[in-house]
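> This is a predicted model, with the sequence first.
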Amino acid sequence: MRTYVNEVKAATEELIAMKGWVHRIYDVGQISFVQLRDKTGIIQLVLDKGQREGLRLETAISVKGKKAENPKVPGGIELQVQTLEVVGKPDYDVLPFPINQQEVDAHLETQLNYRTISLRAPKVRAPFKVQEEIVEAFRAFFKKNHFSEMHTPKLIASGTEGGSEMFTVNYFDRRAFLAQSPQFYKQMMVGAGFERVFEIGHAYRAELHNTWRHLNEYVSLDVEMGFIDSEADIMDMEEGFIKHLFQHIKTTCSEELHLLDIELVEPKEMPRIPLMEAQQILLDKYNKKSPVGNLDAEGEALFSQYVKETYDSDFVFITKYPISKRPVYTMPDDRLEGMTRSFDLIYKGLEITTGGQRIHDYQQLKDNMLAFGLKPEDFDFYLETFRYGMPPHGGFAIGLERITMKLLDLDNIRKATLMPRDLKRITP
Ligand code: AMO
């Protein structure tokens, strides 16, 4: 039976079998100290000269040995190796960059070019363990709250978030698109009787900008909920999830948080501030003008700073966006002319979520399509659901890479993306 590095302490076998990669080698006279790295950590192996022969960094090996206490090595335990087998011989001249240092000293683009190499470095890989746990927490939280997991089509016939930013694909003799979001389908599944649904899946945006926060393919954590009273139910649900998430990450990722030097402070109550108020505060306090009906990236950052100072919160919901700035499915706000029952959630200066209540009345939705210059007949497959008693509903989507990036204070979304797709990159 194989023992992983994080199990060695508790292992009771006389001879312990371990597998992994050669992370580091120190030769000291007749013996060598080799660090073996597996997916859970690093352990020191003690080898004699014969066993050491031919070993290079990153050789994949399988060893058997006896464990011994050594207070000088990390973890306090080393393995005195009795047998060693090379199971994966390397075939490189030089490594593209060293991966056994505290930090990988290579440009991000180089790290991405050699992604399977850079990911071998524990600190580069750590965000993905956290990301895995974000997904785990998302699934567990929403399942517990009566949501069903969905897998909706990614090859679709029409856009959901406004016409722009779509990738076109050939679909036999027709044109199809890659889904910008599961928006229509998650709403349809509410109407189909599932009532509460969530989806973890890729979304595609043909954005033409290469920035630290945009990807052309990202993972969207989508939620849609039927029989709501208002968009406040949706914000409550998201706030509840984020609080659950912090607890979960603290308990499941303590090693990764330590490695990345992150101290997670549990979120306080998240303020909910109408957009117009936020824009006014930015103008009064920072002399910062905002674009019509939105905040720009600088405004989001400044406003987060204000919220941190005023409410001691890293999160803020911006509410009540104008009709003209929100997609066709968004519910107008009958309490405020020209505005919608929608929101964004800003976390440490970056939008991580858009959400809101949707129009559920068939005729109103059809009329809104016309008002938006869309042809309702192009959306028959979607509109159909609304003719048979669609309940008031709403939802939101969180960008997985964005929330990972902010949780871990990473400065570029690519560091939270295994294989980023951006303007210039479609490999590896
Ligand atoms: P929106 O278009 O705002 O809303 O997207 C929701 C969230 O997805 C993430 N996101 C991105 N992340 C990385 N790169 C991108 N190019 C990118 N685009 C979006 C962000 C964003 O907040 N259907 C609505 C959601 C809803 O109302 O339920 C939608 O897709 O974190």
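All right, it came through fine.
> Could you use CA atoms for every contact and neighbour count after this?
Fine.
> Quick check on Glu85: phi, psi?
Reported as degrees, to the nearest 10, the phi and psi values for Glu85 are phi -130, psi 130.
> Over to Thr353?
For Thr353, the backbone dihedrals are phi -150, psi 140 (criterion: degrees, to the nearest 10).
> Report how many residues lie close to it.
By other C-alpha atoms under 10 Å, the residues close to Thr353 number 22.
> And for the one 10 residues further on?
A count of nearby residues for Gln363, using other C-alpha under 10 Å, gives 13.
> And it, what's its pLDDT?
Taken from the predicted model, the pLDDT recorded for Gln363 is 98.
> Please identify which helix or strand holds it.
When elements are assigned from DSSP states H and E, Gln363 belongs to helix 362-371.
> how about the residues of the stretch 51-200 of the chain near the ligand?
Taking C-alpha under 6 Å from any ligand atom as the contact definition, the stretch 51-200 of the chain meets the ligand at 181, 183.
> Check the stretch 251-400 of the chain too.
Counting by C-alpha under 6 Å from any ligand atom, the stretch 251-400 of the chain comes close to the ligand at 351-356, 395-399.
> Please repeat the previous calculation with a cut-off of 8 Å.
Proximity of the stretch 251-400 of the chain to the ligand, by C-alpha under 8 Å from any ligand atom, involves residues 342, 344-345, 351-356, 394-400.
> Among those residues, name the ones in strands.
342, 344-345, 351-356, 394-399 (DSSP state E).
> just to revisit the earlier point, list the buried residues of the helix holding Gln363.
362, 365-366, 368-369 (16 or more other C-alpha atoms under 10 Å).
> Of the residues of the stretch 251-400 of the chain next to the ligand - the most surrounded one?
Each of these was scored for neighbours by other C-alpha under 10 Å, and Gly394 scores highest at 33 neighbours.
> wait, what's in contact with that one?
Taking C-alpha atoms under 8 Å, 6 or more residues apart in numbering, we find Gly394 in contact with 187, 224-226, 228, 231, 234, 355-358.
> one step back: remind me what the helix holding Gln363 packs against, helices and strands.
Under the contact criterion of 3 or more C-alpha pairs under 8 Å, 6 or more residues apart in numbering; DSSP states H and E, helix 362-371 touches helix 380-383.
> Recalculate using a threshold of 7 Å.
Helix 362-371 is packed against no helix or strand, with contacts defined by 3 or more C-alpha pairs under 7 Å, 6 or more residues apart in numbering; DSSP states H and E.
> which residues touch that helix?
328-329, 359, 375-376, 383, 386-387 (C-alpha atoms under 7 Å, 6 or more residues apart in numbering).
> Buried ones among those residues?
By the neighbour-count criterion of 16+ other C-alpha under 10 Å, the contacts of helix 362-371 include these buried positions: 328-329, 359, 376, 383, 386.
> Dump the residues you listed to a markdown table, plus secondary structure and pLDDT.
Converted to a markdown table, those look like this (DSSP: H, G, I helix; E, B strand; the rest coil; pLDDT from 0 to 100):
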| residue | secondary structure | pLDDT |
| --- | --- | --- |
| Val328 | coil | 95 |
| Tyr329 | coil | 97 |
| Ile359 | coil | 98 |
| Pro376 | helix | 95 |
| Leu383 | helix | 97 |
| Phe386 | helix | 98 |
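> Quickly name whichever of the residues you listed is closest to Glu263.
Distances from the buried ones among the contacts of helix 362-371 to Glu263 were compared by C-alpha to C-alpha; the smallest belongs to Tyr329, at 38.9 Å.
> how far away is that closest one from Met188?
Going from Tyr329 to Met188 by C-alpha to C-alpha, to the nearest Å gives 12 Å.
> how's this protein carved up into domains?
The chain resolves into domains spanning 5-88, 122-416 when parsed by automatic domain parsing.
> Low-confidence ranges, the stretch 301-428 of the chain, go.
Applying pLDDT under 70 to the stretch 301-428 of the chain picks out no residues at all.
> Run through the bridge partners of the residue nearest to Pro71 when sequence neighbours are not counted.
The spatially closest residue to Pro71, leaving aside those adjacent along the chain, is Ile77, at 7.2 Å (C-alpha to C-alpha, 6 or more residues apart in numbering). Assessed by DSSP bridges, Ile77 has beta-bridge partners Glu69.
> List the contacts of Ile77.
Residues 67-70 are the ones in contact with Ile77 under the rule C-alpha under 7 Å, 6+ apart.
> got a winner among those residues for most neighbours?
Lys67 (22 neighbours).
> so for the helix or strand encompassing it, what's the average pLDDT?
Assigned by DSSP H and E, Lys67 belongs to strand 60-69. Taken as a whole, strand 60-69 carries a mean pLDDT of 98.
> Can you tell me how far Met339 is from Asp422?
33 Å.
> and if you look at Leu15?
Leu15 sits at a distance of 48 Å from Asp422 (criterion: C-alpha to C-alpha).
> Neighbour count: these two, which is higher?
Counting neighbours by other C-alpha under 10 Å for Leu15 and for Asp422 shows that Asp422 has the greater number, 20 against 16.
> Would you confirm that the more buried one contacts Tyr218?
No - in this structure Asp422 lies outside contact range of Tyr218 using C-alpha atoms under 7 Å: 10.1 Å.
> list the residues that contact both of these two?
The contact lists of Asp422 and Tyr218 share no entry, where a contact means C-alpha under 7 Å, 6+ apart.
> picking up where we left off before, what pLDDT does the residue nearest to Pro71 get?
Taken from the predicted model, the pLDDT recorded for Ile77 is 97.
> hang on, the earlier thing: relative to the ligand, which of the buried ones among the contacts of helix 362-371 is nearest.
Nearest to the ligand out of the buried ones among the contacts of helix 362-371 is Tyr329 (C-alpha to the nearest ligand atom; 8.9 Å).
> Just the buried residues of stretch 281-297, please?
Neighbour counts using 16+ other C-alpha under 10 Å place 281-282, 289-290, 293-295 of stretch 281-297 among the buried residues.
> now swap in stretch 244-256 and tell me
Burial within stretch 244-256, assessed by neighbour count using 16+ other C-alpha under 10 Å, is assigned to 244-250, 253, 256.
> and what of stretch 307-317?
Taking 16+ other C-alpha under 10 Å as the basis for neighbour counts, the residues of stretch 307-317 that come out buried are 307, 312-317.
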